[in-house]
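Colleague: Sequence and predicted model, in that order:
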Amino acid sequence: MLLGELALDGRVRPVRGVLPAVLAAKRDGWPAVVVPTGNLAEAALVDGIEVFGAHTLRQVQAWLEGSGGLQPRVKVDVGDGAAVPDLADVVGQLQARFAVEVAAAGAHHLMLSGPPGIGKTMLAQRLPGLLPALTEEESLEVTAIHSVAGLLSAATPLITRPPFVAPHHTSSVAALVGGGSGLARPGAVSRAHRGVLFLDECAEIGIRAMEALRTPLEDGEVRLARRDGVAVYPARFQLVLAANPCPCAPADPRDCVCPPAAKRRYLGKLSGPLLDRVDLRVRMHPVRTAALATEAGESTHVVCERVARARIAAADRWRPHGVLTNAEVPGSVLRQRYRIAREAMDPLRKALDRGVLSIRGVDRTLRVAWSLADLAGLTQPGIEEVKTAMGFRLMAAGR
């Protein structure tokens, strides 16, 4: 199989999407593939098929005639070598730090609200460092998406860490979910597959763009219909939203000059169905002078070990049901096969009767409660874990 773009002067130019193409060639039984030398490291990620690189069409002709050779498979450097931002750099904000840890343990979606400069972006950037490294299968899956998007590094093409994607708040629907002429290219939600999608200033994002997130959040994939066919890209990511409390966004909320109606309109762009899918919501408050004198909090390394133990416990529990994280567990399984103690369920029943929580809200609260139990090393959530999970869910609503 020959892959590449042929220039008018006979050069073989690199193209996007070589990795998924080579994987398909292997699956269909092709014995060898010739790719542009610029794509050779990417193609070499696939074992079980011969891979060669070519600079020019004349070089390929000589190889086919037996009078010349092609560049052989290269050894790929799989180490990303990128420094992971340390959670200890965040000053104060103990509750928000804990929410990030719970989000990492259970693969939950998270919303951080508070005045500018308070640390929302810093916390979001440290979430990928708490997540487990990608498995070999996940690495190839994520790398294939970035290959189609044309974003792979020639030096280290294999992505081994969960990606962190942070599109600008002016991004369009096509930039978020994918699009373009011809065959649609993956958008931010697909590039964040198996990682974190961070939407800063989410109240400034267009309503259509925000509502477009509902389908990938629910289905874990994006379907883009174009003239040349339908492109299906995976999009199973953790969503982190960050928002100021109001349009004027002063450093001290007491200095806000926005009327109540303006505040409601500002955050009203985030619809109820979208927010209902966000399990953890935290209001962050300005840090006082005393916090600067305290010792730094736990490092990413320490928290990551705790998260890894919680992930292992969840995977062992849910594997018979076909899922590995608490956020993916069907509500029927939580309520029927893994019932928790009656007294622990009482706060949820009362909230459901008062209309504070929906059935979906109850299920999502239970998932967070299981993550809290896994972090604490418990066999099942108790009333404290359920109350804490409810507090995270109802905090942004002021209930």
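Modeller: It's in. These numbers come from a predicted model, not from an experiment. Numbering: from 1, shown residues only.

Colleague: Give me the distance between Val232 and Gly220.
Modeller: If you measure Val232 against Gly220 using C-beta to C-beta, to the nearest Å, the figure is 11 Å. Heads up, the C-betas are built off the backbone N, CA and C, glycines and all.

Colleague: and what of Pro167?
Modeller: Using C-beta to C-beta, one obtains 19 Å as the distance from Pro167 to Gly220.

Colleague: neighbour count winner among these two?
Modeller: Between Pro167 and Gly220, counted using other C-beta atoms under 10 Å, Pro167 has the larger neighbour count: 20 against 14.

Colleague: Now the more buried one: phi and psi?
Modeller: phi -70, psi 160 (degrees, to the nearest 10).

Colleague: residues in contact with the residue nearest to it when sequence neighbours are not counted?
Modeller: Nearest non-adjacent residue to Pro167, counting by C-beta to C-beta, 6 or more residues apart in numbering: Ala188, 4.4 Å away. Ala188 makes contact with Val165, Pro167, Ser171, Ala175, Leu176, Val177, Leu197, according to C-beta atoms under 8 Å, 6 or more residues apart in numbering.

Colleague: hmm, try it at 6 Å
Modeller: Taking C-beta atoms under 6 Å, 6 or more residues apart in numbering, we find Ala188 in contact with Val165, Pro167, Leu176.

Colleague: ok, now Pro36?
Modeller: Contact analysis of Pro36 by C-beta under 6 Å, 6+ apart lists Gly4, Val12, Arg13, Pro14.

Colleague: switch to 7 Å and redo it
Modeller: Applying C-beta atoms under 7 Å, 6 or more residues apart in numbering, one finds that Pro36 lies in contact with Gly4, Val12, Arg13, Pro14, Val15, Gly53, Ala54.

Colleague: moving C-terminal of the worst-scoring helix or strand of the chain on mean pLDDT, what's the next helix or strand?
Modeller: Here the helix or strand of the chain ranked lowest by mean pLDDT, DSSP states H and E is helix 289-293, holding a mean of 61. Sequence-wise, the next helix or strand downstream of helix 289-293 (DSSP states H and E) is helix 300-318.

Colleague: Would you mind giving the domain segments of this protein?
Modeller: Annotated domains of the chain cover 5-65, 87-293, 300-394 [automatic domain parsing].

Colleague: quick one, which of the ones you listed is nearest to Arg73?
Modeller: Ranking these by proximity to Arg73 (C-beta to C-beta) places domain 5-65 first, at 4.7 Å.

Colleague: leaving aside the residues next to it on the chain, what's closest to Leu217?
Modeller: For Leu217, the nearest residue in space outside its immediate sequence neighbours is Arg277; the separation is 5.2 Å by C-beta to C-beta, 6+ apart.

Colleague: ok, and the one you found, which helix or strand is that part of?
Modeller: Under the criterion DSSP H and E, no helix or strand holds Arg277.

Colleague: cool, Ala21 as well?
Modeller: Of the helices and strands defined by DSSP H and E, Ala21 is found in helix 18-27.

Colleague: does Ala327 count as helix, strand or coil?
Modeller: When states are read from DSSP: H, G, I helix; E, B strand; the rest coil, the local structure at Ala327 comes out as helix.

Colleague: Name all residues that make contact with it.
Modeller: By C-beta under 7 Å, 6+ apart, Ala327 lies in contact with Gly106, Ala107, His108, Arg367.

Colleague: If we use 10 Å, what do you get?
Modeller: 103, 105-109, 236, 238, 279, 314, 364, 367-368, 370-371 (C-beta atoms under 10 Å, 6 or more residues apart in numbering).

Colleague: Next one: it relative to Val102, how far apart?
Modeller: In this structure, Ala327 and Val102 are 11 Å apart, going by C-beta to C-beta.

Colleague: pLDDT weak spots in the stretch 201-350 of the chain?
Modeller: Residue ranges of the stretch 201-350 of the chain with pLDDT under 70: 289-295.

Colleague: any chance you could map the helices in it?
Modeller: Using DSSP state H, counting those that start in this stretch, the helices assigned to the stretch 201-350 of the chain run over residues 207-211, 214-219, 260-267, 272-275, 289-293, 300-318, 331-332, 342-353.

Colleague: Name the SS class of the residue in the chain sticking out farthest from the centre, please.
Modeller: Taking C-alpha atoms, centre = their mean as the measure, the residue most remote from the mean C-alpha position of the chain is Ser67, 49.2 Å away. Recorded secondary structure, Ser67: coil (three-state DSSP).

Colleague: Isn't it up against Gln61?
Modeller: Yes - look at Ser67 against Gln61 with C-beta atoms under 10 Å: they come within range, at 8.9 Å.

Colleague: looking at it, Asp276 is touching Ser358, isn't it?
Modeller: Yes - between Asp276 and Ser358 there is a contact at 6.8 Å, judged by C-beta under 10 Å.

Colleague: which residues are common contacts for these two?
Modeller: With contacts defined as C-beta under 10 Å, 6+ apart, the residues shared by Asp276 and Ser358 are Arg364.

Colleague: rewinding a little: can I get the CA coordinates of the following helix or strand past the helix holding Ala21 in PDB?
Modeller: Scanning forward in sequence from helix 18-27 by DSSP H and E, the next helix or strand is strand 32-36. Below are the C-alpha coordinates for strand 32-36, written out as PDB (Å, rounded to 0.1, in the frame of the first residue of the first chain):
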ATOM      1  CA  ALA A  32       3.800  -3.700   3.600                       C
ATOM      2  CA  VAL A  33       3.100   0.000   3.400                       C
ATOM      3  CA  VAL A  34       5.300   2.800   1.900                       C
ATOM      4  CA  VAL A  35       4.700   6.300   3.500                       C
ATOM      5  CA  PRO A  36       6.500   9.700   3.100                       C
END
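
Colleague: which outside residues touch the next helix or strand after strand 32-36?
Modeller: Toward the C-terminal end, the helix or strand that comes next after strand 32-36 (DSSP H and E) is helix 40-43. Contacts to helix 40-43, defined as C-beta under 10 Å, 6+ apart, come from residues 3, 14, 17-19, 21-23, 25, 33-36, 49, 51-54, 70-77, 143-144, 146-147, 152-158.
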